[in-house]
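**Student:** sequence unavailable; structure follows:
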């Protein structure tokens, strides 16, 4: 057993070195690229900038927040995301440094990456599962932490929630839900909505545990513990959600549509999406375009995968074709092996695998529907919850998985990511 641990540690060292190098590269990307050289950074920053002056979210269409609206007629301030208030206050507190505010906002996301790396590393050493390997799977993960946006916070919170869940499922016979699940669940409700798929995963895990491991005598105790988790989540999430509804007279959705009609550019207004001058990629469903067209003509699956693993700038800086095929092959091997049932087959494992597959599929379907009913764009970051679900299965199955295979896979993905981030990302994004 000691020899195996030494071998595993030796294999872990290059992985940790690669992530450390990635951290340095993220810092370089953060510092040398010009403002708004990245997707919607100006809109994300404007939302954070609002909170440099105010504490509470504005009502929809508030004059003091009018500058935060895009040509779609939407503002990130009208979303539940709490990251903009956190980054805004972070930027305000550090404004005495004289560093440009947009760089301070980027530094907030960079700090999240360091915190996530340390958190993953600590838990990996505590229980012997290389959770940090997730940070090597795609340079696109590094990219979202190198400039200011709302996606990095969602990935951070989603990963932390799944790490808490992984502690719960590793010893299901004696496991009880921890309050930490409630904390991260509450923050998830205040993060990007594409990460809400992890709520479905959480519900699935609760049902899985109650079916296979909740003895009759413990069910009441477990129910009380889960109620505590939900109470903590509600205490964290509900104040902002309820306030935002209250300040909009509990008609937030209707007011957002009215604001879109008022502020959106011609052809982007809800009443104009079927007009001849409306851009082709806006609400293709309303235009009567069949969803199959997204796959057959516009290659949604291809552009989504590419923008999940290596597209930069305003999603217009692509990598060589060979790179996408190489990373795709690695994903087939790593995800395929992780989703392969162990022998002898056991109902609990098969059920948990099914829950994970449903979660991954739901994430893909939600992204696809957004492309069809809202706007077709390179939205691979919407698929990042798949990486979080990868963490859960890695924790559950690690003792039955081929260690060298996965370490080799992480290292290979990390080396590809390193090359891609340097020679495509850093080399081609405008300074």
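**Tutor:** Everything's here; your move. No experiment lies behind these values; they were computed from the predicted model shown.

**Student:** for the rest of this, base every contact and every neighbour count on C-alpha atoms.
**Tutor:** OK.

**Student:** host element of the nearest residue to residue 270 once chain neighbours are set aside?
**Tutor:** Using Cα to Cα, 6 or more residues apart in numbering and skipping the chain neighbours, the partner closest in space to residue 270 is residue 261 (6.0 Å). Here residue 261 sits within helix 252-263, counting by DSSP states H and E.

**Student:** mean confidence score for that helix?
**Tutor:** Averaged across helix 252-263, pLDDT comes to 96.

**Student:** helix or strand right after it?
**Tutor:** Downstream of helix 252-263, the next assigned helix or strand under DSSP H and E is helix 292-296.

**Student:** list the buried residues in that following helix.
**Tutor:** By neighbour count on 16 or more other Cα atoms under 10 Å, the buried set for helix 292-296 is residue 294.

**Student:** stretch 164-173 too?
**Tutor:** With the criterion 16+ other Cα under 10 Å, stretch 164-173 contains buried residues 164, 165, 166, 167, 168, 169, 170.

**Student:** and if you look at stretch 338-358?
**Tutor:** 338, 339, 349, 352, 353, 355, 356, 357, 358.

**Student:** with stretch 325-333 instead?
**Tutor:** 327, 328, 330.

**Student:** so the first one makes contact with residue 411?
**Tutor:** No - distance between residue 327 and residue 411: 11.9 Å, which falls outside the contact criterion (Cα atoms under 8 Å).

**Student:** hey, where'd the strands end up in the stretch 1-150 of the chain?
**Tutor:** Counting by DSSP state E, counting those that start in this stretch, one finds no strands in the stretch 1-150 of the chain.

**Student:** before we move on, the earlier item: where's the helix holding residue 261 relative to the chain centroid, distance-wise?
**Tutor:** Its chain's C-alpha centre and that of helix 252-263 lie 26 Å apart, by Cα atoms, centre = their mean, to the nearest Å.

**Student:** what's the answer for stretch 230-248, then?
**Tutor:** Distance, stretch centre to chain centre, for stretch 230-248: 21 Å (Cα atoms, centre = their mean).

**Student:** list the contacts of it.
**Tutor:** The list of residues contacting stretch 230-248 from outside it, by Cα atoms under 8 Å, 6 or more residues apart in numbering, reads 57-60, 78, 80, 179, 182-187, 189-190, 251-252, 255.

**Student:** buried ones from those, can you make that a ChimeraX selection?
**Tutor:** Selection of buried members from these for ChimeraX, criterion 16+ other Cα under 10 Å:
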select :57,58,59,60,78,80,179,182,183,184,185,186,187,189,190,252,255
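
**Student:** just want the most central residue of this protein.
**Tutor:** Nearest to the geometric centre of the chain sits residue 155, at 3.2 Å (Cα atoms, centre = their mean).

**Student:** how about low-confidence regions in the stretch 101-250 of the chain?
**Tutor:** 216-217 (pLDDT under 70).

**Student:** which residue is the nearest non-sequential neighbour of residue 324?
**Tutor:** residue 306 (6.6 Å).

**Student:** let me fix that, I meant to ask about residue 179.
**Tutor:** Spatial nearest neighbour of residue 179, chain neighbours left out: residue 229 (5.5 Å); criterion: Cα to Cα, 6+ apart.

**Student:** also residue 85?
**Tutor:** residue 51 (5.2 Å).

**Student:** quick check: the one you found touching residue 91?
**Tutor:** No - counting by Cα under 8 Å, residue 51 stays clear of residue 91, with 9.3 Å between them.

**Student:** the more surrounded of these two?
**Tutor:** Under the criterion of other Cα atoms under 10 Å, the comparison of residue 51 against residue 91 puts residue 91 first, with 26 against 22.
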